[in-house]
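[1] Requesting a structural model of the entry that follows:
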Amino acid sequence: MAKNKKEDASENVLVPLVLRIAVAVPLFYAATASLLNPGSWIAFIPDFTAKIIPPAIFLTLFSVFQIFLGFWLLSEIRPIYSSLISAILLFSIIIFNIEILDLLFRDIAIMLTAIALSIHYHLNKKCPA
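    Have a look, this model is predicted:
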């Protein structure tokens, strides 16, 4: 059955909105939880960062960045960039914590959602020329 323009337009708005929310909510959760209970999250920080910056400070800065990234995703301002940065961030979290993949395997789905968003915005030319 052929879709009319109104149905097609609503899909082009609704689907990426749901995907942006799907990536932003875990960012907000992780940031808030790590600010409220940093002891539970310090273990996820790679050891090499402690040589550069104290883990507690890194965790706070990282949480602020995650909150910023979540709001950036929801804003749809240059969405290809916010979704790519989200995918890279999640990839980094997975790689630097690969030994606890049993806990982080869900991050793979979130990362792939961010990649799908990037592809969507690239195909729909929602990126700067």
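
[2] For stretch 96-106, which outside residues touch it?
    With CB atoms under 8 Å, 6 or more residues apart in numbering as the test, stretch 96-106 has contacts from 44, 46, 93, 94. The way it works is simple: take the backbone N, C-alpha and C, and place the C-beta from them, glycine included.

[3] export stretch 20-30 as CSV, just CAs?
    Taking C-alpha atoms only, stretch 20-30 is exported to CSV below (Å, rounded to 0.1, in the frame of the first residue of the first chain):
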residue,chain,number,x,y,z
ARG,A,20,17.6,9.9,19.7
ILE,A,21,15.7,9.3,22.9
ALA,A,22,17.0,5.7,23.0
VAL,A,23,20.6,7.0,23.0
ALA,A,24,20.1,10.0,25.2
VAL,A,25,18.3,8.2,28.1
PRO,A,26,21.1,5.8,28.9
LEU,A,27,23.6,8.8,28.8
PHE,A,28,21.4,10.7,31.2
TYR,A,29,21.1,7.7,33.5
ALA,A,30,24.8,6.8,33.6
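
[4] Centroid-nearest residue for this structure?
    By CA atoms, centre = their mean, the chain has its centre lying nearest to residue 86, at 3.6 Å.

[5] thought that residue was touching residue 69?
    Yes. Applying CB atoms under 8 Å, one finds residue 86 in contact with residue 69, separated by 6.0 Å.

[6] what's the overlap in contacts for the two?
    Counting by CB under 8 Å, 6+ apart, the common neighbours of residue 86 and residue 69 are residue 27.
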